[in-house]
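S.K.: Just to be clear, the model below is a prediction. Sequence and coordinates:
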Amino acid sequence: MFRRAFMRTAALLGTILFALTTGPLVSRAEEPTDHKPYRESKPDECKDCHGASGVIDYHSGSTFLKDHRLLAQKPTANCGDCHEQSYCVDCHNGGNLDADARKGLSRRGESMPTTHAADFISTHAIVSRDDPNSCSRCHESTFCSDCHAKWNAKPGLPYAIRPHGPTYSSGGVPDPSWVASHRAQARRDLKSCEACHPSKADCSNFACHPGLGGR
Amino acid sequence: MRTPRAFVLLTTAVAALPLYARAAELHVTSSTQLNWYADPLASDRDQREFGQYLRLSGTLDDKGNIGVFGYGRLTGQLTTGGETDHYWTGRFYYLYVQGRDLLDKHVDLRVGRTYVTEAAIPAVIDGAYVNLKNLAVPGLGVALFGGHRINFDQRKEVDDIGDSLFGGSLNYAAARQTHVELSYARRYSDGALGREAIAAEAGTTPVDNLNFFGRARYDLADSRWNELLLQANVVPTAPLTLKGEYYASSPTFDKFSFYNYFNVTMYRQASAGAEWQLGPRYRFFGDYAFEWFDSSQTAKRFDVGAGLNPIDNLRLTVRYEKRIGYAGGIDGVRFDGWYGLGAVALLAGIDYDDFRRDSTDLTYSTRSGAARRLWGGVSYSFTKYLDALARVEDDFNFYFSPSYKGFVAVNVKL
C-alpha cells in the first residue's frame, strides 16, 4: 500500500516538475555564470549579488552542508570555478591538505567533516539512523563491519558494542522474544544488521533461514 | 604497496609537468603534517603519525582548456602497536588530464583517476568521462563514463576489489537555471553485477526568488525506489530564505547481497527551514525535520543557530540541535569562534552532546551520557606561499577520561 502511495506521489510530483521545467525548455540555453573572477572573494562578498539582489544564495545557507551534493551533481555545476576536487575529497575521503581547524579528528587521527560532532563514536548509532544513505555517500559498508569486528574482538573495552538479545533460548531453540522483535527491527533498520553481519552466514547457517539466497 | 607507488607517480608528475607545460600555469600545494591521538583499540596508547599531502593543478595550453590535476598523500605511523598493519600507507585520490571545449567546443573529457558525479551511482574511477555538448539541440549534453571503481578504506585504497563502473547520462540545461538529467549506471563487483540504477532529476528557477528541485533514483537490480527528493526554496524578501523538502530513501545493498531479500521499510523525512540575514553581520537560521521509520516509529529533529560577526575580524557561530524519537535522543550545543590578528588567526570551539541511545530490544537498558569536545587552533601566514596551522582537541565522554588529539601542518603553496 505504501509502495502504491509512493508511486502515485512520485508520479504527481514528477508531473509538476516536468510542467515547471518545460516552459524554460523552449528558451535558449544559457551558459552558467563564470565565477572564476570571484575566486578570491570572501564569502561575505558573495552577498553583493546573491541574497541582496534577490538571487537565491545557494551556497552559504545553514543547510548547504546537506544540499551541496544537489548542486555539485548538476551537469552545469560550476564548483570548479573556485574549488579543486581536493576540496570535496578532504571531507569525503579523509584528506587534510587545506587543513581546517574546525574539523575534528577520528579515533585514528583522520580529519572528519564537522557533521561528526563531539564524540562521534558515542552518538553515531543515533545519527546514522536519520538517513540510511547518508553514511554510504562517504563510507563503504565494510567501514562499519570492519570496525565493529575489531571492537567485538576486544571484549572489555569501554566502547564494546552491545549485542542484541540472545538468538537462542537453549539447545538451538530460537528465543521467542528474538523471533518477535528482530523482524520488525530489520525492516526499519537493516543497515544496523549489516554493520555486524556483512554476510548471510549468521542467518542461514542454522535452522532459521536455511534457503536464504545471496552472499 | 600499490598506493605508495601511486604517490611516487604523483610526485614524478609534479616534477615532470613543467617539461611539458610550455604555456602552463602550474600550482603545487604541499602540506607536511604531524598528528597525534590516543588509540582506543590499543589501550588508549598515544600514537603519532607523519603525513605528507601533495596536490598539483596545471594547464597545458595557452587557452587553459587542457589541464592536469592530481592529489595524494603518504602517511606513516611513528609509533608501534595498535591495530595498524601497514606503517606506511597512502591514498592516491586523483590524477587526471582534463580537456574542456575540445573539438570546436563539443567535447569535455577527463582521463585518469577521476570522479563521476552522475546521480545514478557517483564514484571515483580509474577510467574516462566524456561529455558531448553543443549538439544539435542547444543545451543538450550526453555523457559517457567507465572504468575501475576506487574504494578507500580508513587508511588506504583497497586494491583487491574487482569493481568497475559504466554508465552515461542525458542532460539538458536551459534558461532560468533549468536543468534536466537522466542518468544510468551499472557497477560490477568481482565480475558480478552489483548495482544497477537509473536516476532522473530536474530543477528550475521560474522567477528569481523561487527555485524547485527534484530527484528520483530507482534501483534496477533490486526493483525498488532508492531515493526521492523534492525541494523548494523561496526568497520572499531579500534577507529571508525559506526552504521545504520531502525526502525518502531506502538502504542500498549490492544485488548479490542477501540483504536484498528483506522487505525494508523506506525512510521518509519532511523538513522546513528558514534563514534570516540581519544586515551584513548577523545571520539566524532554524530547521525542523520529521522522520518516519515505519508505520510506528518516528523521530523529530530541531536545529537553530546564529552566525555573528559583531566586530571586524571576529566571527562566532552558535547552534543548538535536538533529536528525539526512534533510536535515541541528542541535545547538542556547538560553539566556535575565529579571530584574526593580521597574519595570525585564533580559533576555538566547544561541542557538547547529551545523548541517550535507546536499546533495540528489551534485553539491555538504554545507554546515555554526555560527550564533550574542546578544541583550539592557531594559524600563521609567514608569506603568501608559506603558512602553518596547529590544532589541539580534548575529548571527554561517558566512557573514558580526557583524550588528546591534534595536528601541526606546514603548508607550501607554489
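M.R.: Thanks, I have the structure now.

S.K.: Helices along the chain, start to end?
M.R.: Unless you meant another one, I'm taking chain A. A:2-25, A:64-72, A:85-92, A:120-127, A:141-152, A:176-188, A:190-196, A:201-204 (DSSP state H).

S.K.: try chain B instead
M.R.: Here chain B has its helices, by DSSP H, at B:2-20, B:102-105.

S.K.: Least reliable of those helices by average pLDDT, please.
M.R.: Least confident of the helices of chain B, judged by mean pLDDT, is helix B:2-20 with a mean of 57.

S.K.: before we move on, the earlier item: now render the helices of chain A as CSV, adding distance to residue B:247.
M.R.: Where you see a C-beta, it was placed from the backbone N, CA and C, and this is true even at glycine. Converted to CSV, the helices of chain A look like this (distance: least, Cβ to Cβ, whole Å):
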stretch, distance to residue B:247
helix A:2-25, 12
helix A:64-72, 10
helix A:85-92, 20
helix A:120-127, 16
helix A:141-152, 21
helix A:176-188, 16
helix A:190-196, 16
helix A:201-204, 30
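
S.K.: Just send the ones you listed back as CSV, with distance to chain B and mean neighbour count too.
M.R.: Listed next are those as CSV, based on distance: least, Cβ to the nearest Cβ, whole Å; neighbours: other Cβ atoms under 10 Å in any protein chain shown:
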stretch, distance to chain B, mean neighbour count
helix A:2-25, 4, 14
helix A:64-72, 6, 16
helix A:85-92, 5, 20
helix A:120-127, 4, 20
helix A:141-152, 6, 16
helix A:176-188, 4, 15
helix A:190-196, 5, 19
helix A:201-204, 7, 16
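
S.K.: Please name the residues that touch residue B:307.
M.R.: Counting by Cβ atoms under 8 Å, 6 or more residues apart in numbering or on different chains, residue B:307 touches B:282-285, B:315-317.

S.K.: of those, closest to residue B:388?
M.R.: residue B:315 (20.7 Å; Cβ to Cβ).

S.K.: measure that closest one to chain A for me?
M.R.: 10 Å (Cβ to the nearest Cβ, to the nearest Å).

S.K.: how near is residue B:38 to residue B:148?
M.R.: Remark: distance between residue B:38 and residue B:148 (Cβ to Cβ, to the nearest Å) = 37 Å.

S.K.: oh sorry, the question was meant for residue B:228
M.R.: Where residue B:148 is concerned, residue B:228 sits at a distance of 30 Å (Cβ to Cβ).

S.K.: again, but for residue A:128
M.R.: For residue A:128, the distance to residue B:148 equals 29 Å [Cβ to Cβ].

S.K.: what residue ranges in the stretch 101-250 of chain B score low on pLDDT?
M.R.: B:154-156, B:159-161 (pLDDT under 70).

S.K.: Residue B:327 touches residue B:358, doesn't it?
M.R.: Yes: counting by Cβ atoms under 8 Å, residue B:327 touches residue B:358, with 6.0 Å between them.

S.K.: more crowded one of these two?
M.R.: The neighbour count for residue B:327 versus residue B:358, taken as other Cβ atoms under 10 Å in any protein chain shown, is higher for residue B:327 (24 against 15).

S.K.: More neighbours: which of residue B:228 and residue B:148?
M.R.: The residue with more neighbours, out of residue B:228 and residue B:148, is residue B:228; 22 against 17, by other Cβ under 10 Å.

S.K.: Among the contacts of residue B:307, which ones are in strands?
M.R.: B:282-285, B:315-317 (DSSP state E).

S.K.: which among those end up buried?
M.R.: With burial judged by 16 or more other Cβ atoms under 10 Å in any protein chain shown, the buried subset of the ones in strands among the contacts of residue B:307 is B:283-285, B:315, B:317.

S.K.: Count the residues that sit near the closest residue in space to residue B:224 that isn't next to it in sequence.
M.R.: In space, residue B:224 comes closest to residue B:250 once its chain neighbours are excluded; the distance is 6.3 Å by Cβ to Cβ, 6 or more residues apart in numbering or on different chains. By other Cβ under 10 Å, the residues close to residue B:250 number 21.

S.K.: ok now do residue B:250, which residues does it touch?
M.R.: Residues near residue B:250 by Cβ under 8 Å, 6+ apart: A:132, B:219, B:224-227, B:264-267.

S.K.: redo that, cut-off 6 Å
M.R.: Residue B:250 is in contact with B:226, B:264, B:266, counting by Cβ atoms under 6 Å, 6 or more residues apart in numbering or on different chains.

S.K.: who's in contact with residue 118?
M.R.: I'll assume chain A. B:351, B:353, B:371, B:373.

S.K.: The intended chain is chain B.
M.R.: B:169, B:183.

S.K.: Run a quick neighbour tally on the residue in the stretch 1-150 of chain B that chain A sits nearest to.
M.R.: For the stretch 1-150 of chain B and chain A, the shortest gap (Cβ to the nearest Cβ) falls at residue B:139, measuring 2.8 Å. Residues lying near residue B:139 (other Cβ under 10 Å) number 24.

S.K.: ok, now residue B:188?
M.R.: Neighbour count for residue B:188, taken as other Cβ under 10 Å: 16.

S.K.: which ones are touching the residue nearest to it when sequence neighbours are not counted?
M.R.: Among residues not flanking residue B:188 along the chain, residue B:164 sits closest, at 4.9 Å (Cβ to Cβ, 6+ apart). Contacts for residue B:164 (Cβ under 6 Å, 6+ apart) come out as B:148-149, B:188.

S.K.: again, only using 10 Å
M.R.: B:123, B:125-127, B:146-149, B:186-191, B:194 (Cβ atoms under 10 Å, 6 or more residues apart in numbering or on different chains).

S.K.: Least confident secondary structure element in chain A?
M.R.: Sorting the helices and strands of chain A by mean pLDDT, DSSP states H and E puts helix A:2-25 at the bottom, at a mean of 51.

S.K.: Surely residue B:345 touches residue B:338?
M.R.: Yes: counting by Cβ atoms under 10 Å, residue B:338 is a contact partner of residue B:345 at 6.4 Å.

S.K.: What about residue B:341, how many residues nearby?
M.R.: Residue B:341 is flanked by 9 other residues according to other Cβ under 10 Å.

S.K.: check contacts around it.
M.R.: Contacts of residue B:341 by Cβ under 10 Å, 6+ apart are B:313, B:380.

S.K.: In the sheet, which residues pair with it? Tell me.
M.R.: Beta-bridge partners for residue B:341, by DSSP bridges, are residue B:344.

S.K.: Look up the pLDDT of it for me, please.
M.R.: Reported pLDDT for residue B:341: 91.

S.K.: Chain A versus that one, what's the distance?
M.R.: From residue B:341 over to chain A (counting by Cβ to the nearest Cβ), the distance is 15 Å.

S.K.: now that residue: how far from residue B:380?
M.R.: Following Cβ to Cβ, the distance that separates residue B:341 from residue B:380 is 10 Å.

S.K.: repeat for residue B:352
M.R.: As judged by Cβ to Cβ, residue B:352 and residue B:380 stand 29 Å apart.

S.K.: Between those two, which has more neighbouring residues?
M.R.: More crowded of residue B:352 and residue B:380, by other Cβ under 10 Å: residue B:352, with 17 against 14.

S.K.: got a list of what the more buried one touches?
M.R.: Contacts of residue B:352 by Cβ under 10 Å, 6+ apart are A:117-118, B:331-335, B:370-374, B:396.

S.K.: Out of these, which one has the lowest pLDDT?
M.R.: Pick the lowest pLDDT in the contacts of residue B:352 and you get residue A:118, at 77.

S.K.: Run through chain A and note the low-pLDDT ranges.
M.R.: Ranges of chain A meeting pLDDT under 70: A:1-33, A:42-44, A:47-48, A:50-63, A:66, A:73-77, A:156-160, A:205-207.
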